[in-house]
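Peer 1: Give the three-dimensional model of this entry:
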Amino acid sequence: MAYFDLFSLKGQSAIVTGASSGIGAAAARTLAEAGARVVVNYRSSEADARALCDTIEEQGGTAIAIGADVSKEEDVIGLFDAAEDALGPVDIVFSNAGLQADAAIGEMSFEDWNKAISVNLGGGFLVGREAIRRFRRKGLREEISPALGKLIFDSSVHQRIPWAFHANYAASKGGLKLLMESLAQETASEKIRVNAVAPGAIATAINEAERDDEAGRNAMLDLIPYGRIGEPDDIGRVVAWLASDASDYVTGQTIFVDGGMTLYPGFKGNG
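Peer 2: Numbers count the residues shown, from 1 in each chain. Model prediction:
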């Protein structure tokens, strides 16, 4: 196969959870640009999800919006059922949906703890388990891809870097790391590839107020050796690569897309 053909996702279907905005929307667009038929999952932002589908369709792609809460088992199963009914067997899943419920540990409620864990880690489990079930049911289609399926998780630099005042979020992403690696170890012999992308500081709605404040923006930039805040498309391109046959020998890996944040720049010259 020619080099650039390895990047094509033509003939494949993908599900992106939490795809109505931010990183999920960028990944959905990039997967569609690579040729995949894309399910744009949303929990509450139906209008945004449908607008994204319209954009993808206008650019010659195929996309449908399907609502589901990834922390609910019946919703996840229904999401995959609806995706298969509309677009055929699922080849690619990007488990992206996530949230923060921040508080200092002394003030963090058990509800806030559970909110982050149930969506970020519990949702990752439910989406990952269902993806593997559907990949197995679909069977290998070597004319489409040498992999039975490609499952990608959206983790965070905070699977590695502790994050005071965000203990629930950091714990959920640390758990997601070992969930990903354990699933990769369990399913690699079936030609299922499981990986993760770990964003650093990315320009999304969650940090918009901080970025709009000069002091806050400079504080963020102090943590990024590469000197810029990332864009959602920086993550979307890595997701598309992990979904493609160009990465066919890659499984069980986390790709950090962080401008060097995990290099701990505060230690530069102070080791």
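Peer 1: Longest strand in this structure, please.
Peer 2: strand 192-199 (DSSP state E).
Peer 1: Can I get the very next helix or strand once past that strand as CSV, trimmed to CA atoms?
Peer 2: Using DSSP states H and E, the helix or strand that directly follows strand 192-199 along the chain is helix 208-212. Backbone C-alpha positions of helix 208-212 (Å, rounded to 0.1, in the frame of the first residue of the first chain) are rendered in CSV as follows:
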residue,chain,number,x,y,z
GLU,A,208,-11.5,30.2,28.0
ALA,A,209,-11.7,32.6,31.0
GLU,A,210,-8.1,31.8,32.0
ARG,A,211,-6.9,32.3,28.4
ASP,A,212,-8.7,35.6,28.1
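Peer 1: other SSEs contacting helix 208-212?
Peer 2: Here helix 208-212 touches helix 214-221, going by 3 or more C-beta pairs under 8 Å, 6 or more residues apart in numbering; DSSP states H and E. In short, each C-beta sits where N, CA and C put it, glycine included.
Peer 1: which residues sit against the worst-scoring helix or strand of the chain on mean pLDDT?
Peer 2: One helix or strand of the chain scores below all others by mean pLDDT, DSSP states H and E: helix 208-212, with a mean of 80. Residues from elsewhere that reach helix 208-212 (C-beta atoms under 8 Å, 6 or more residues apart in numbering): 203, 216, 217, 219, 220, 229.
Peer 1: same check, this time on stretch 98-107
Peer 2: In this structure, residues lying in contact with stretch 98-107 by C-beta under 8 Å, 6+ apart are 18, 109, 112-113, 115-116, 119-120, 123, 154, 165-169, 172, 206.
Peer 1: Show the average pLDDT along that stretch.
Peer 2: Along stretch 98-107, the predicted local confidence has a mean pLDDT of 95.
Peer 1: okay, it in CSV with CA atoms only?
Peer 2: Backbone C-alpha positions of stretch 98-107 (Å, rounded to 0.1, in the frame of the first residue of the first chain) are rendered in CSV as follows:
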residue,chain,number,x,y,z
GLY,A,98,-15.3,13.9,30.0
LEU,A,99,-15.8,16.7,32.6
GLN,A,100,-14.3,18.4,35.6
ALA,A,101,-15.9,18.9,39.0
ASP,A,102,-13.2,20.9,40.7
ALA,A,103,-12.8,21.5,44.4
ALA,A,104,-10.1,21.5,47.1
ILE,A,105,-10.1,18.1,48.8
GLY,A,106,-11.6,19.4,52.1
GLU,A,107,-14.5,20.9,50.2
